[in-house]
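A.B. asks: pasting the structure only:
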């Protein structure tokens, strides 16, 4: 798998007139990786994908596939295959013709194409459906046909532009697993575009989180979830409680932050900000709802926050408790549903505790807006 | 059982008053404007051209005389064919086909460009510029072309200034003006149906095909043209039917020797006051045009239902 073809973006800028869609993107994607670009709509992730597939040229910088500069090479000549957001199956062609269109282009005989279509239909568990039209298939089946069509060209790199966004939740979750399995089986590089952090985290080896044309962080799912590099990443990937304040004291990789509304808080400095964050800086501290817990006897080595319960929601596998801190700061805590009632009821005063290792502090920055 | 249900549904959706008015208008259109005139023409075409007082008399019987005339000419000369009129007929049909194909070739790139460039201001301006000449009467447009193609017209002027020709070309006599006039008269009816279908083609399909290595010719052959087929066929049907049935352009732009089949029909009605003979000619033109269109639709596997799209 390590011998797959890698993709590099070398100082890529993409401008549309005065608008900068992608700013100084430097990305190394390992061969055989499942790599995701994650970001809100309009952040430039699709633009990057189009630059890799060859539908547009970067204004500056280079796109390299397998170490070769792709400048001046059209989409039909690149070793990439693109799966479109709306799949773009050819509605007037039968499934087998759709799947083997790349072979038709190369002049393969009908018999060859039929044979290859049958193999690919087997792979995507649609045996014997080759003579149907795309309109006769369900959403998930069309999805799989689009994958088979892209794989038929035997690309070195498969590019996927939010292909799951049109599916309903159950199917989407199922297709995640399936996509990951297919990727493992064929062993080629997958580059996946999504605004859904769940998709990015479950499928990817590595994730690049983008904001307004800028890549904020590249790392594994764990990196971006547990050690976000910027306030944007922390607030965009998963849910987070954010506390604003000023750094009062720094001890190694931990800091004490004087928060605006919740007193002194102790947290770990996120790795990318160690050495950069100074006493007196505006900072933000993030704690995940699941990292907050009710303080009890054996949590004296943990940091504490006191808060009052505002409301509580039952979500099946967990409870979400909405709280208000002393200074009016609102927080969310989630507790697993282990069969007993939560010990929180409206208006109750609670002391919450958290592990300093789970609270990340970093320079203040732009947050993701919902 | 089915029809009353549709009718009652229609009345329920539209109310008795509105539903009634709409039903009446549709019925009026179909019966009074389409069926009755055609049926009376059909009836005329099978009758003798009799003086008024003999109408309803013993001589007023159905006959194939008018149709026989188109094939064999004046009575008594069986075995010889009415070559003059038949040649005009064949020439009209072939020229109308040629005009249709020329319009198709001219319009396809334009329709593709307009349809795929996402309604920018420039495209909208282009469409308006295309339509503006059609605010002018068809006859005036034909005269304008006659002036353009005249001996001292702009086309000859330009060609002579560029020293491409020494003597002015007689475009009228060569029927070039006629074909240009016919082609131009109905070109928008070719353009707009094609523009509409091509506009509805998902750009991603073109990009997907390109991504898979397809050449531009293959993309058009396999993706764009199959998608545009309903528009192409409705455009071709309209242009063919209308040019075969055109009268103004052949009258004004036709050379002295060239006759368009509709001009023969016109002569029978207005010159010879033989409506029966004219009806027979008109029916032959109509039926042949329909048969030709249906045959081509069969060959290119176009459904009647797709044409309206």
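C.D. replies: Looks like it arrived, so ask away. These numbers were taken from a predicted model, which means no experiment stands behind them. Numbers count the residues shown, from 1 in each chain, chains lettered A, B, ... in the order given.
A.B. asks: what residues does chain A put near chain B?
C.D. replies: Within reach of chain B by Cβ under 8 Å from any Cβ of the partner chain, chain A has these residues: A:53-55, A:74-77, A:80-82, A:84-86, A:88, A:90, A:92-93, A:101-102, A:104-106, A:149, A:153. Backbone N, C-alpha and C define where each C-beta goes, glycine included.
A.B. asks: Show the buried residues in these.
C.D. replies: A:53-55, A:75-76, A:80-82, A:84, A:86, A:88, A:90, A:92-93, A:101-102, A:104-105, A:149, A:153 (16 or more other Cβ atoms under 10 Å in any protein chain shown).
A.B. asks: Can you flag which of those residues belong to helices?
C.D. replies: Secondary structure from DSSP state H places A:53, A:101-102, A:104-105, A:149 of those in helices.
A.B. asks: what about residue B:270, how many neighbours?
C.D. replies: By other Cβ atoms under 10 Å in any protein chain shown, the residues close to residue B:270 number 11.
A.B. asks: before we move on, what about the one 5 residues further on?
C.D. replies: The number of residues packed near residue B:275 is 18, by other Cβ under 10 Å.
A.B. asks: And for the one 3 residues further on?
C.D. replies: The criterion is other Cβ under 10 Å. On that basis, residue B:278 has 24 neighbouring residues.
A.B. asks: wait, what's in contact with the closest residue to it other than its chain neighbours?
C.D. replies: Nearest non-adjacent residue to residue B:278, counting by Cβ to Cβ, 6 or more residues apart in numbering or on different chains: residue B:268, 3.3 Å away. The contact partners of residue B:268, by Cβ atoms under 8 Å, 6 or more residues apart in numbering or on different chains, come to B:274-275, B:277-278, B:281.
A.B. asks: Name the nearest of these relative to chain A.
C.D. replies: residue B:281 (41.1 Å; Cβ to the nearest Cβ).
A.B. asks: And the lengthiest helix in chain A, what does it pack against?
C.D. replies: If you go by DSSP H, chain A has its longest helix at helix A:169-186. Applying 3 or more Cβ pairs under 8 Å, 6 or more residues apart in numbering or on different chains; DSSP states H and E, one finds that helix A:169-186 contacts helix A:139-152, strand A:189-194, helix A:197-203.
A.B. asks: again, 7 Å this time
C.D. replies: helix A:139-152, helix A:197-203 (3 or more Cβ pairs under 7 Å, 6 or more residues apart in numbering or on different chains; DSSP states H and E).
A.B. asks: Pull the residues that contact that helix.
C.D. replies: Here helix A:169-186 makes contact (Cβ atoms under 7 Å, 6 or more residues apart in numbering or on different chains) with A:34, A:139-140, A:143, A:147, A:151, A:164, A:167, A:190, A:199, A:202-203.
A.B. asks: so that helix versus helix A:139-152, what angle?
C.D. replies: Between helix A:169-186 and helix A:139-152, the angle comes out at 20 degrees (axes from the mean of the first three to the mean of the last three Cα atoms, to 10 degrees).
A.B. asks: Contacts only, for the residue lying closest to residue B:199 once chain neighbours are set aside.
C.D. replies: Using Cβ to Cβ, 6+ apart and skipping residues adjacent in sequence, the residue nearest residue B:199 is residue B:115, 4.0 Å away. Each residue near residue B:115 by Cβ under 7 Å, 6+ apart is listed here: B:195, B:198-199.
A.B. asks: Which of the residues you listed sits closest to residue A:226?
C.D. replies: Ranked by distance to residue A:226 (Cβ to Cβ), these are led by residue B:199 at 48.8 Å.
A.B. asks: If you tally nearby residues, what's the number for that closest one?
C.D. replies: When neighbours are counted by other Cβ under 10 Å, residue B:199 registers 18.
A.B. asks: End to end on stretch B:253-272, go ahead and measure it.
C.D. replies: 23 Å (Cα to Cα, to the nearest Å).
A.B. asks: average pLDDT for that stretch?
C.D. replies: On average, the pLDDT along stretch B:253-272 is 86.
A.B. asks: do stretch A:74-89 as well
C.D. replies: Across stretch A:74-89, pLDDT averages out at 89.
A.B. asks: And stretch B:156-164, by the same measure?
C.D. replies: Stretch B:156-164 comes out at a mean pLDDT of 88.
A.B. asks: List the neighbours of it that are in contact with it.
C.D. replies: B:165, B:168-169.
A.B. asks: Repeat that for stretch B:17-24.
C.D. replies: B:10-11, B:14.
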